[in-house]
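# fold the stuff below for me.
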Amino acid sequence: MTKEKHHHGSLREALIRETRRLVSLHGVEGFTIADACRAAGVSTAAPYKHFGSREELIAEVSALGFEELTERMNAACAQHPANSIEALIAMGQAYLGFVSADPEMFHLMWGATRQKFKNDTVEETGRACFQRLVDAIEPVRTALNLETVDTLEIALALWSGIHGLAGLQLGEKLKVVEGLDLNLYVDRTTRAYFSGLQQRTRR
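Numbering: from 1, shown residues only. This next block holds a predicted model:
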């Protein structure tokens with residue numbers, strides 16, 4: 001790809017796309033702007049027309065990760081009735097699938113260096129991703145007569161459970177449990193959680 005092919009803002013998108021690919025391959029620490037420039041076919045000065053620093057460019061990739069995760073969760077949820085537990089289970093399984101397919105993106109979005117690669121766009125897309133789960137919980141909460149249970153409580157329980165499982169998965173800590181089917185685990189634990197909530201509200 002040559003410099004002449006980048007017009008009307010396409011350079012910015014090309015740099016984000018190539019940076020995302022390189023981060024997925026080599027991790028944040030293994031990424032350089034020079035690598036992205038070579039891949040995009042532009043000079044090393046070109047990125048600074050759109051990004052103030054390496055950190056700003058990587059932050060845009062982090063935001064893109066949250067957008068992609070939200071899209072995956074939406075697609076998975078849409079395969080089931082909106083008021084069903086299955087819709088929420090599918091969203092959790094989609095989260096695990098995203099992390100498994102691109103662990104370096106997970107580390108970028110949630111790792112120890114996250115503060116370094118964070119800006120308003122990252123915050124907005126991250127909140128929007130979590131809000132999508134909150135919105136998906138509402139019809140399920142109503143269908144199961146759980147109006148007395150706070151939606152945010154449910155969302156935090158589901159998100160933290162999946163997020164923790166994803167971290168364990170990447171850390172290979174689950175190898176001690178041979179033959180564990182993570183998708184089945186998500187299914188069973190989600191159903192058990194809602195069953196517990198229903199029992200709590202009947203007391």
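# ok, for the spatially most central residue of the chain, nearest residue in space, not its chain neighbours?
Nearest to the centroid of the C-alpha atoms of the chain, with distances taken as CA atoms, centre = their mean, sits L69, at 3.9 Å. On the basis of CB to CB, 6 or more residues apart in numbering, the spatially nearest residue to L69 that is not a chain neighbour turns out to be F98, at 5.2 Å. Placement of C-beta: from N, CA and C, glycine included.
# name the residues of whatever helix or strand the one you found lives in that are buried.
For F98, the element it lies in under DSSP states H and E is helix 85-101. The neighbour-count check on helix 85-101 (16 or more other CB atoms under 10 Å) flags 85-99 as buried.
# ditto for stretch 153-173
Of the residues in stretch 153-173, those buried under the neighbour-count criterion (16+ other CB under 10 Å) are I154, A155, L158, W159, G161, I162, H163, L165, A166, Q169.
# quick one: contacts for the first one?
It stands for I154. Neighbouring residues of I154 by CB atoms under 8 Å, 6 or more residues apart in numbering: I137, R141, L146, L197.
# one more: the fifth one?
Under the criterion of CB under 8 Å, 6+ apart, the neighbours of G161 are G92, T189, Y193.
# CA atoms only for the helix or strand hosting I154 - export them in PDB, please.
I154 is part of helix 151-170 when elements are defined by DSSP H and E. As requested, the backbone C-alpha atoms of helix 151-170 are provided in PDB (Å, rounded to 0.1, in the frame of the first residue of the first chain):
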ATOM      1  CA  THR A 151     -30.100  -4.600  37.700                       C
ATOM      2  CA  LEU A 152     -26.600  -3.300  38.300                       C
ATOM      3  CA  GLU A 153     -26.100  -5.900  41.000                       C
ATOM      4  CA  ILE A 154     -26.900  -8.600  38.400                       C
ATOM      5  CA  ALA A 155     -24.700  -7.000  35.800                       C
ATOM      6  CA  LEU A 156     -21.700  -6.800  38.100                       C
ATOM      7  CA  ALA A 157     -22.100 -10.400  39.200                       C
ATOM      8  CA  LEU A 158     -22.300 -11.700  35.600                       C
ATOM      9  CA  TRP A 159     -19.600  -9.500  34.200                       C
ATOM     10  CA  SER A 160     -17.100 -10.100  37.000                       C
ATOM     11  CA  GLY A 161     -17.700 -13.800  36.900                       C
ATOM     12  CA  ILE A 162     -17.000 -14.000  33.100                       C
ATOM     13  CA  HIS A 163     -14.100 -11.500  33.300                       C
ATOM     14  CA  GLY A 164     -12.500 -13.500  36.100                       C
ATOM     15  CA  LEU A 165     -13.000 -16.800  34.200                       C
ATOM     16  CA  ALA A 166     -11.400 -15.200  31.100                       C
ATOM     17  CA  GLY A 167      -8.400 -14.100  33.200                       C
ATOM     18  CA  LEU A 168      -8.000 -17.600  34.600                       C
ATOM     19  CA  GLN A 169      -8.300 -19.100  31.100                       C
ATOM     20  CA  LEU A 170      -5.500 -16.900  29.800                       C
END
